[in-house]
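In: Build me a model:
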Amino acid sequence: QVQLVESGGGLVQAGGSLRLSCVVSGRAFSWYAMGWFRRQPGKEREFVATHWSGGTTYYADSVKGRFTISRDNANNTVHLQMNSLKPEDTAVYYCATAQYGRAISNRRDYNYWGQGTQVTVSS
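Out: You can find the predicted model right below:
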């Protein structure tokens, strides 16, 4: 059984930083792309960042230059370092593991999801 468990969310002031983590169990972690998505209040779930098994990363334009995705294959963990946070970054953040080693923004390419962690950025 594949499980993804996120942690690291919380309340932070605008301009601050948070680091999200997601631990994956039940599959060969290093083979698959890992992604972060978010759902802002009243909006659809949207792509944030992805880290391919080969090391390539992609980011949504809205977070480029502020967020960094990384992975620790030895510990089956993917991180999302979020700096210079803005109130519009407030959302529930989800990690997901893809069906293949490469995946970008299409949610259908990700077949397992975590339960999400709340990030709230105050102005």
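
In: Spatially, what comes nearest to the residue nearest the centre of the chain if we skip its sequence neighbours?
Out: Centroid check for the chain by C-alpha atoms, centre = their mean gives residue 36 as the closest residue, at 2.2 Å. Leaving aside its chain neighbours, residue 36 sits nearest to residue 48 (4.3 Å; criterion: C-beta to C-beta, 6 or more residues apart in numbering). C-beta: built from backbone N, CA, C; applies to glycine.

In: Name the residues of the host helix or strand of that neighbour that are buried.
Out: Element membership for residue 48 (DSSP states H and E) is strand 45-51. Buried residues in strand 45-51, defined by neighbour count with 16 or more other C-beta atoms under 10 Å: 45, 47, 48, 49, 50, 51.

In: for the very next helix or strand once past that strand, what is the average pLDDT?
Out: Note on strand 45-51: by DSSP H and E, the next helix or strand toward the C-terminus is strand 57-59. Mean pLDDT, strand 57-59: 97.

In: which stretches of the protein form strands?
Out: Using DSSP state E, the strands of the chain run over 3-7, 10-13, 18-25, 34-39, 45-51, 57-59, 67-72, 77-82, 91-98, 110-113, 117-122.

In: so what secondary structure elements neighbour the shortest one?
Out: Using 3 or more C-beta pairs under 8 Å, 6 or more residues apart in numbering; DSSP states H and E as the contact criterion, the neighbours of strand 57-59 among helices and strands are strand 45-51, strand 67-72.
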